[in-house]
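Asks: Prediction below, plus the sequence it came from.
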Amino acid sequence: MSKVFKVLKLGSGIGQREPHQKRRRALVAGGAGFLGSHLCERLLRDGYDVVALDNFHTGKRYNLNTFLRDPRFTCIEHDIVDPLPAGLEVDEIYNLACPASPPHYQADPIHTFKTSVLGSLNLLELARRSNAKIFQASTSEVYGDPFVHPQPESYFGNVNTHGPRSCYDEGKRSAETLFFDYSRTYGLDIRVARIFNTYGRRMQPDDGRVVSNFIVQALRGEDLTVYGSGLQTRSFCYADDLIEGFIRLMNAPHAPAHPVNLGNPGEFTIMELATLVVGYTNSRSKIVHRPLPIDDPRQRKPDISFARDNLGWEPRINLAQGLAHTVDYFDTLLYGSRMITGAAAS
């Protein structure tokens, strides 16, 4: 049985069109989250009617403040693990509904797995009933701790199926399977993106991701916590670039026959990132080391050849530019001020 959900704001009913309406309608599951809210904002700017579903376990209502009054926007409090609200009519579906940082997805691992599997099933059935195009936000975590570097879409990965991160890694891998099985079985138009590390405005201070951890610690004058040696690498993509990748993948005239890597191929060690953050915040924080978590990947870098060649997409915002915006966002969020450091202003 569907849970009772609270409508924060209604446009023309719960996802139903008015008879005269011609605008396309997009459903964004996880629409109050970090990336989901950016996607809702972009779709509204592109002329869509947007319906956001979110259970607000990790998504925040204030992420929606800038467009909550837009009459084309509807937000429904709902968990996609439960049967979806009746009467939804949509042309496109974006599934971003899953905690994406280790502290959040490990807090309730069974529900995390259900969100990826049962939630995907519910959205895929809606897409089938509505003849809607559907997008799955998968993850670079499907590559696990990779033996191949950089990681192309053809790499099957090196994933621990029973470790503390498995609820997320294996949940996303299972969701990819469901999407491609629905495509083969029902001819559904699916788009699957494998997202690499992303950062930017609307990240949560407590989400446990390395960029937000370092910035918050530096702004508070706390030691920056580096796990392991800090020589492990990541590739950091600014949120605006990633959302552009979503839109290009969804609007491609032909659905790719495989998942598509979306991320910034610029590769940095965690120590390099920590040093950059200390500089951008003018912090006196020291860098301290803690034991490396189980199954933490040693290297992470996307091969984006397919996206570059077939979508005309590649990131435009480098880490220096993106960090400046993100530091400013967190300073305003935490202290209500607008900090422009010499580094950030340059």
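Replies: Cool, the structure landed.
Asks: tell me the secondary structure for Ser138?
Replies: For Ser138, the assignment made with DSSP: H, G, I helix; E, B strand; the rest coil gives strand.
Asks: ok, it - contacts?
Replies: By CB atoms under 8 Å, 6 or more residues apart in numbering, the contact set of Ser138 is 172, 175-176, 192-195, 259. All C-beta atoms are positioned from the backbone trio N, CA, C, and that covers glycine.
Asks: What about the residues you listed, which are in helices?
Replies: Per DSSP state H, helices hold the following members of those: 172, 175-176.
Asks: Who wins on neighbours among these?
Replies: Lys172 (30 neighbours; other CB atoms under 10 Å).
Asks: Quick one, grab the pLDDT at it.
Replies: On the pLDDT scale, Lys172 is placed at 96.
Asks: Would you confirm that it contacts Gly119?
Replies: No - taking contacts as CB atoms under 8 Å, Lys172 lies outside contact range of Gly119: 11.4 Å.
Asks: and for those two, which residues touch both?
Replies: By CB under 8 Å, 6+ apart, the residues touching both Lys172 and Gly119 are Cys98.
Asks: in the stretch 1-150 of the chain, which spans are helices?
Replies: Ranges of helices in the stretch 1-150 of the chain, per DSSP state H, counting those that start in this stretch, are 34-45, 102-107, 109-130.
Asks: who wins for proximity to Leu249 among these?
Replies: helix 34-45 (12.0 Å; CB to CB).
Asks: chain center to that closest one: distance?
Replies: 11 Å (CA atoms, centre = their mean, to the nearest Å).
Asks: Could you export the contacts of Ser138 to TSV, including columns for distance to Thr332?
Replies: Below are the contacts of Ser138 laid out as TSV (distance: CB to CB, whole Å):
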residue	distance to Thr332
Lys172	32
Ala175	35
Glu176	37
Val192	35
Ala193	29
Arg194	31
Ile195	25
Pro259	35
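Asks: What is the nearest of those to Ala274?
Replies: When the contacts of Ser138 are compared against Ala274 (criterion: CB to CB), the nearest one is Ile195, at 22.7 Å.
Asks: ok, so what distance separates the closest one from Ile317?
Replies: Computed as CB to CB, to the nearest Å, the Ile195 to Ile317 distance reads 16 Å.
Asks: ditto for Glu170
Replies: Taking CB to CB, one finds Glu170 at 32 Å from Ile317.
Asks: Neighbour count for the two, which is higher?
Replies: Glu170 (22 against 19).
Asks: quick one: the strands in this structure?
Replies: With strands called from DSSP state E, the chain shows them at 7-9, 25-29, 49-54, 73-77, 92-95, 133-139, 190-195, 198-199, 224-227, 233-235, 237-238, 260-262, 267-269, 287-290.
Asks: Any buried residues in the fourth one, and which?
Replies: In terms of neighbour count (16 or more other CB atoms under 10 Å), strand 73-77 has its buried residues at 73-77.
Asks: Pull that strand out as PDB, backbone CA atoms only.
Replies: This file holds the C-alpha atoms of strand 73-77, laid out as PDB (Å, rounded to 0.1, in the frame of the first residue of the first chain):
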ATOM      1  CA  PHE A  73       6.700  22.900 -10.700                       C
ATOM      2  CA  THR A  74       5.100  20.200  -8.500                       C
ATOM      3  CA  CYS A  75       6.800  18.500  -5.600                       C
ATOM      4  CA  ILE A  76       5.400  15.300  -3.900                       C
ATOM      5  CA  GLU A  77       6.800  13.800  -0.800                       C
END
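Asks: returning to that earlier point: most tightly surrounded among the strands of the chain?
Replies: strand 49-54 (a mean of 29; mean count of other CB atoms under 10 Å).
Asks: which ones are touching the residue nearest to Asp54 when sequence neighbours are not counted?
Replies: In space, Asp54 comes closest to Ala32 once its chain neighbours are excluded; the distance is 4.0 Å by CB to CB, 6 or more residues apart in numbering. Counting by CB under 8 Å, 6+ apart, Ala32 touches 52, 54, 56, 59-61, 63-64, 75.
Asks: Which of those sits closest to Leu334?
Replies: Leu334 has its nearest neighbour among those in Lys60, at 14.3 Å by CB to CB.
Asks: quick one: low-confidence ranges for the stretch 151-300 of the chain?
Replies: Residues of the stretch 151-300 of the chain meeting the criterion pLDDT under 70: none.
Asks: So which residues of it form helices?
Replies: Under DSSP H, counting those that start in this stretch, the stretch 151-300 of the chain gives helices at 166-186, 210-219, 239-251, 270-281.
Asks: which residues touch the shortest one?
Replies: Contacts with helix 210-219, where a contact means CB under 8 Å, 6+ apart, come from 197, 199, 203-205, 223-225, 234, 236, 270, 273-274, 277-278, 280-281, 283, 285, 323, 326-327, 330-331, 334-335.
Asks: Done for today, thanks.
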